[in-house]
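K.L.:
Let's see this in three dimensions:
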Amino acid sequence: MSTNEALSENVEGRSWVGTLFSYAFRCKGKMLFSLLASIASVAAGFVPFYAVYRIMGMAIAKSLTWDGALIWIALAAVAYILSKILFGVSTLLSHVSAYTILESLRKDVVHKLMHASLGTVQTKSIGNIKSVFLDRIENIEPPLAHMIPELGGSLVLAAGLAVWLVLIDWRMALTCLVCVPLGLIVFASSLKEFNAKYAAFMAESNHVNSVIVEYVEGIQVVKAFNQASDSYEKYSNAVKAFKDFTMEWFKSTWLTMNLMSSIMPTTLLGVMPVGLALYLNGALSPIDLAMCVVLALAIVDPIARFTSFVNEIKSMEYAVADAEEFLGLPELPEVTRNATGVQGSSIELKDVHFSYKEDEEVLHGISLNIPCGSFTALVGPSGSGKSTLARLLVRHWDVDDGSIAIGGVDVRDMPLEQLSELVSFVAQDNYLFDASIRDNIRLGNPSASDEEVEAAARAACCDDFVSRLPQGLDTPAGSAGLELSGGERQRVSIARAILKDAPVVVLDEATAFTDPESEDKIQKSIAHLSSGKTLVVIAHRLSTIVNADQIAVIDGGNVIATGKHDTLISTCPLYARMWEAHIGARMWSAGSGEERSK
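P.N.:
Numbers count the residues shown, from 1 in each chain. Alright, predicted model coming up:
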């Protein structure tokens with residue numbers, strides 16, 4: 001079975017408990033030994049009780065001596081130490097198991113993100129992905145790590161104490177345990193609306209987190225437009241609403257939780273009078289009465305501990321459900337073997353249809369031939385479908401109908417890794433990692449030497465700004481490349497693509513948001529990048545594509561015209577209007593610059 005199939009089977013038709021156990025099965029040996037160590041720890045924990053029982057028996061029989069007592073004290077001490085060691089072993093193994101499960105879960109989510117449609121993945125917000133990866137999945141660890149040694153041990157201890165009480169006197173056991181179901185009934189009554197309340201709590205939590213992130217990320221806009229008071233009021237209201245909801249929920253459960261806490265320890269209040277009555281009637285020995293009192297006190301804690309896990313279990317349920325949302329993302333179908341017979345780097349689109357949502361088609365049967373080694377530009381108004389078409393070339397999505405072939409082979413008939421080797425995709429907002437500029441460029445070819453990285457940087461015209469940096473190419477780019485300007489980040493991205501040296505290059509609005517100086521540098525770097533390659537450019541500034549071998553004008557999801565620049569100026573009204581608007585914008589920009597320089 002492939003990993004993809006295993007992941008799909010992991011989430012289909014299975015509850016969150018089933019999903020969690022499917023991960024727990026991967027470290028079943030450690031979890032089993034953790035459970036056994038927990039049970040052994042509980043068994044060792046009974047020995048001090050028994051030692052006290054024997055010492056009290058000797059004291060009541062007036063046969064207690066130091067030698068006799070020391071034997072039982074030593075045995076109790078050894079058993080107590082052994083109990084703690086075994087509990088530590090159980091806890092260690094359960095924590096190793098818990099973090100192994102977290103590791104597997106995170107790896108599977110990343111695997112899914114790598115194999116799901118990139119377009120689908122990008123519909124998930126960074127905040128949502130971060131929340132699931134770091135917060136939600138991390139919330140699985142505490143209950144999972146403590147459930148086996150603590151909850152499992154508590155249940156075994158409670159059962160063992162109850163059996164001991166029955167062996168001493170069934171009436172004393174009944175008196176002791178009668179308060180337990182009463183307390184649990186009160187506890188159960190508090191759970192009637194627990195699911196609904198917890199769901200509302202999570203919704204409120206997600207809302208306040210969203211507002212906090214929005215406020216922090218938008219602080220620059222808030223200050224720039226003097227909206228601090230209004231934005232802070234929204235932030236403050238969200239925080240207050242979350243506090244009010246949480247406090248209201250707490251108050252609604254205060255009575256039942258405290259009532260349960262009051263009932264459970266009253267085992268002693270039932271045991272003492274009943275035990276005294278049995279003792280006075282000669283049905284219970286003094287030592288047995290004393291032991292029943294000790295056991296009655298001991299049985300409350302493990303039962304009360306069980307109730308404390310309810311909230312953590314619910315938190316774990318939501319965490320697994322959130323992870324399953326990613327594990328259930330549809331994957332792009334992928335062949336396992338490299339396609340053979342790829343002839344060159346020509347691109348052919350045949351009757352391509354595509355829609356983001358059902359019944360909302362955005363590309364309506366586009367056909368286009370892009371010869372090997374040619375320079376083709378895609379232009380059109382915003383929302384016309386040109387960027388969608390470019391992303392279909394690199395299989396961010398699959399076409400709904402029709403086909404896209406590179407070198408005569410349908411892109412769906414080659415593994416994503418092979419397709420990635422054939423195509424370099426440079427977007428207007430390519431991401432830079434919080435690493436050195438050198439390492440960011442080397443992502444294009446991890447095995448490249450320093451000399452090859454430096455050559456790619458020079459070819460992408462990075463040397464003019466790199467030379468001003470304190471550590472040159474070894475200067476950190478900062479989180480998301482924020483230490484560099486937009487044009488500098490773009491040139492680093494192009495250097496990365498140059499180093500990759502793929503035969504097909506797709507540029508999505510590479511100069512859309514750059515200043516004139518950066519645009520000139522980027523144009524030179526693009527010239528190096530595209531030399532001898534098939535180049536597809538989604539153009540925002542038409543002046544950058546006037547020398548294209550072929551310009552395809554896209555409007556409303558259709559190719560309405562193709563040709564060279566001069567031909568389209570006279571034959572395509574839409575292109576002519578776009579060119580006039582572009583020239584007008586350039587003249588306005590130049591005029592503004594002259595005014596500013598005066």
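K.L.:
from here on, contacts and neighbour counts on C-alpha atoms
P.N.:
Fine.
K.L.:
I'd say Val423 and Ile498 touch.
P.N.:
No - between Val423 and Ile498 there is no contact under CA atoms under 8 Å: 11.4 Å.
K.L.:
Between the two, which is the more surrounded one?
P.N.:
Ile498 (28 against 22; other CA atoms under 10 Å).
K.L.:
Strands along the chain, start to end?
P.N.:
347-357, 360-370, 375-379, 401-406, 409-410, 423-426, 504-508, 534-538, 550-555, 558-563 (DSSP state E).
K.L.:
Turn those strands into a markdown table, columns for distance to Ser493.
P.N.:
Converted to a markdown table, the strands of the chain look like this (distance: least, CA to CA, whole Å):
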| stretch | distance to Ser493 |
| --- | --- |
| strand 347-357 | 23 |
| strand 360-370 | 24 |
| strand 375-379 | 20 |
| strand 401-406 | 23 |
| strand 409-410 | 27 |
| strand 423-426 | 7 |
| strand 504-508 | 11 |
| strand 534-538 | 15 |
| strand 550-555 | 24 |
| strand 558-563 | 29 |
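K.L.:
can I get these in CSV with mean pLDDT and distance to Lys84?
P.N.:
Formatted as CSV, the strands of the chain follow (pLDDT from 0 to 100; distance: least, CA to CA, whole Å):
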stretch, mean pLDDT, distance to Lys84
strand 347-357, 90, 58
strand 360-370, 90, 64
strand 375-379, 91, 71
strand 401-406, 93, 65
strand 409-410, 92, 64
strand 423-426, 86, 58
strand 504-508, 87, 62
strand 534-538, 90, 67
strand 550-555, 93, 73
strand 558-563, 92, 73
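K.L.:
closest one to Leu482 among those strands?
P.N.:
With CA to CA, the closest approach to Leu482 among these belongs to strand 423-426: 18.0 Å.
K.L.:
For the stretch 251-400 of the chain, which segments count as helices?
P.N.:
267-280, 286-327, 386-393 (DSSP state H, counting those that start in this stretch).
K.L.:
tilt between the longest one and helix 267-280?
P.N.:
This means helix 286-327. 150 degrees (axes from the mean of the first three to the mean of the last three CA atoms, to 10 degrees).
K.L.:
Pull the contacting residues for the residue nearest to Pro503 when sequence neighbours are not counted.
P.N.:
Among residues not flanking Pro503 along the chain, Lys533 sits closest, at 5.1 Å (CA to CA, 6 or more residues apart in numbering). Listed by CA atoms under 8 Å, 6 or more residues apart in numbering, the contact set of Lys533 reads Ser345, Cys372, Gly373, Ser374, Ala502, Pro503, Val504, Val505.
K.L.:
Of those residues, which is the most crowded?
P.N.:
Val504 (27 neighbours).
K.L.:
What distance do you get for it to Ser531?
P.N.:
The spacing between Val504 and Ser531, counted by CA to CA, to the nearest Å, is 10 Å.
K.L.:
if we can go back for a sec, export the contacts of Lys533 to CSV and tack on distance to His540?
P.N.:
Shown next, in CSV, are those (distance: CA to CA, whole Å):
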residue, distance to His540
Ser345, 24
Cys372, 23
Gly373, 22
Ser374, 19
Ala502, 23
Pro503, 23
Val504, 20
Val505, 17
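K.L.:
from the residues you listed, which two are the most distant?
P.N.:
Ser374 and Ala502 (14.3 Å).
K.L.:
how far away is Ser104 from Leu113?
P.N.:
14 Å.
K.L.:
What of Glu325?
P.N.:
11 Å.
K.L.:
Which residue of those two possesses the greater neighbour count?
P.N.:
Neighbour count, other CA under 10 Å: between Glu325 and Leu113, Leu113 has more, with 19 against 12.
K.L.:
Check that one and give its pLDDT.
P.N.:
The score at Leu113 is 76. That number is its pLDDT.
K.L.:
same deal with Thr511?
P.N.:
On the pLDDT scale, Thr511 gets 56.
K.L.:
same deal with Val221?
P.N.:
64.
K.L.:
any low-confidence regions in the stretch 251-400 of the chain?
P.N.:
257-268, 303-311 (pLDDT under 70).
K.L.:
Ala405 and Leu419 touch, don't they?
P.N.:
No - contact criterion CA under 8 Å: Ala405 and Leu419 do not qualify, at 10.6 Å.
K.L.:
Can you work out which residues contact both of these two?
P.N.:
By CA under 8 Å, 6+ apart, the residues touching both Ala405 and Leu419 are Val411.
K.L.:
any idea which helix is longest in the chain?
P.N.:
helix 66-115 (DSSP state H).
K.L.:
Fine by me, we can end here.
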